[in-house]
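>>> Prediction below, plus the sequence it came from.
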Amino acid sequence: MQQVYTLPDLTPQVLACGGRPIKLGVIGNPIAHSKSPQMQQAGLDAAGIPMTYVRLLAGTAAGEFEAMMQALGERGFIGLNVTIPFKKQAYLLAREKDELTSLCGAGNTLVHLPAGGWRLHNTDGPGFAQAVRELTGHPLGELRVLLLGACGGAGCALAAQCALADCPRLFLANRPKPQLTELAEHLRAQTGARVEPIALGSDAMAAAVREADLIVNATSLGLHRGDPLPLSPNLLRPGQWVYDIVTHPTPFCAAAAEHGCRADYGLSMLLWQGAFAFRHWFGTLPNIASMRRALEQA
């Protein structure tokens with residue numbers, strides 16, 4: 001089986017896939033790096049569901065994503081995960097949307113509707129909330145949260161999840177830009193949450209670090225070797241929790257642990273957002289242990 005499929009690759013013979021038809025996938029550009037196929041295939045196999053999950057590459061020119069979505073529905077796909085750069089396009093395309101998707105204007109899990117078209121869910125937020133519960137032992141709504149990189153695609157979904165969970169304090173940190181204030185005002189208006197926008201590196205952010213129970217890095221810092229830390233670990237205090245959504249161990253997590261914090265990285269969020277996507281497709285959670293093993297070995 002090839003690593004990445006484009007629409008012309010999906011001939012009837014390929015879709016049949018030796019009796020395990022291709023009916024699920026993750027769509028993005030680029031997409032070859034995605035670990036979702038290993039994880040979701042493990043869930044399918046453990047449940048005895050004879051389907052195949054693949055990586056799908058969509059073009060970024062105007063109309064290409066929409067055309068591919070139409071074609072995938074016609075070719076029997078029952079569901080899809082959506083990643084960069086198509087989460088907002090999926091929002092515009094979907095006929096139905098869940099509450100979190102409507103609040104943040106983007107989603108990552110599509111379910112094909114019986115009458116045609118797609119229903120969009122956002123499982124990034126619930127996946128994050130479950131990962132936080134694993135790390136802290138507390139539901140998200142009990143924690144004061146500082147979210148770094150709130151204006152990014154993932155950051156916006158996490159901010160919306162924290163607002164829906166009614167966190168006692170929610171600090172949204174980003175480089176100063178109009179979108180940050182707009183996001184905070186939108187979340188306050190829609191949920192009544194206590195949301196405060198602050199500039200990265202400001203005195204207000206240093207104060208927010210001291211107050212927060214949980215510091216979340218949703219910036220891209222940590223993706224690449226040599227990236228600077230998203231904040232000085234000297235600001236942290238022992239006993240805080242730190243969560244980095246990057247899906248491999250990061251220097252920020254290591255530095256936080258050295259300063260007495262309990263830290264984890266984004267593999268657990270990836271696992272749970274995938275598990276909740278599986279539940280949207282099949283109505284039940286998959287075998288979590290099997291999916292976790294597959295991710296750790298990917």
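Here it is on my side, so go on.

>>> Need the residues that contact the longest helix seen in the chain.
In the chain, taking DSSP state H as the definition, the longest helix is helix 267-282. Contacts to helix 267-282, defined as CB atoms under 8 Å, 6 or more residues apart in numbering, come from residues 24, 35-36, 39-40, 43, 47, 49, 78-79, 81, 108-109, 111, 121, 123-124, 126-128, 130-131, 134-135, 243, 245, 247-248, 285-286, 288, 291-292, 295-296. C-beta here means a position set from N, CA and C on the backbone, and glycine is covered the same way.

>>> Could you look up the next helix or strand downstream of that helix?
helix 288-297 (DSSP states H and E).

>>> Filter the contacts of helix 267-282 down to the buried ones.
24, 35-36, 39-40, 43, 47, 49, 79, 81, 108-109, 111, 121, 123-124, 126-128, 130-131, 135, 243, 245, 247, 286, 288, 291-292, 295 (16 or more other CB atoms under 10 Å).

>>> what helix or strand is E182 on?
helix 178-191.

>>> report the angle between the axes of the helix or strand that comes right after that helix and helix 178-191?
Once helix 178-191 ends, the next helix or strand along the chain (criterion: DSSP H and E) is strand 195-199. Strand 195-199 and helix 178-191 are oriented at 170 degrees to each other (axes from the mean of the first three to the mean of the last three CA atoms, to 10 degrees).

>>> Could you list every helix and strand in contact with strand 195-199?
strand 170-174, helix 178-191, helix 203-211 (3 or more CB pairs under 8 Å, 6 or more residues apart in numbering; DSSP states H and E).

>>> strand partners of it, parallel vs antiparallel please.
strand 170-174 (parallel) (DSSP bridges).

>>> mean confidence score for the strand it pairs with?
Average pLDDT, strand 170-174: 96.

>>> Stretch 265-279 too?
Confidence for stretch 265-279, expressed as mean pLDDT, is 97.

>>> What of stretch 23-30?
In the prediction, stretch 23-30 has an average pLDDT of 97.

>>> do the same with stretch 242-259
95.

>>> can you pull the buried residues of it?
242-247, 250-253, 255-256, 259.

>>> Which of the helices and strands packed on strand 195-199 has the highest mean neighbour count?
Counting by mean count of other CB atoms under 10 Å, strand 170-174 has the highest mean neighbour count of the helices and strands packed on strand 195-199, with a mean of 28.

>>> contacts for it?
Applying CB under 8 Å, 6+ apart, the external contacts of strand 170-174 come out as 144-151, 155, 159, 162-163, 180, 183-184, 187, 193-200, 205, 208, 211-212.

>>> so how far is it off the chain centroid?
18 Å (CA atoms, centre = their mean, to the nearest Å).

>>> show me where the stretch 1-150 of the chain has helices.
For the stretch 1-150 of the chain, the helices defined by DSSP state H, counting those that start in this stretch occupy 12-16, 36-47, 64-74, 87-93, 99-104, 124-136.

>>> Alpha carbons of stretch 204-218, as PDB, please.
What follows is stretch 204-218, C-alpha atoms only, in PDB (Å, rounded to 0.1, in the frame of the first residue of the first chain):
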ATOM      1  CA  ALA A 204       1.000  40.500  32.200                       C
ATOM      2  CA  MET A 205       2.100  37.200  30.900                       C
ATOM      3  CA  ALA A 206       4.600  36.700  33.700                       C
ATOM      4  CA  ALA A 207       1.800  37.400  36.200                       C
ATOM      5  CA  ALA A 208      -0.400  34.900  34.300                       C
ATOM      6  CA  VAL A 209       2.300  32.200  34.500                       C
ATOM      7  CA  ARG A 210       2.400  32.600  38.300                       C
ATOM      8  CA  GLU A 211      -1.400  32.400  38.600                       C
ATOM      9  CA  ALA A 212      -2.000  29.500  36.200                       C
ATOM     10  CA  ASP A 213      -2.400  25.900  37.300                       C
ATOM     11  CA  LEU A 214      -1.800  24.700  33.700                       C
ATOM     12  CA  ILE A 215       0.400  26.200  31.000                       C
ATOM     13  CA  VAL A 216      -0.200  25.000  27.500                       C
ATOM     14  CA  ASN A 217       2.100  25.500  24.600                       C
ATOM     15  CA  ALA A 218       0.100  25.700  21.400                       C
END
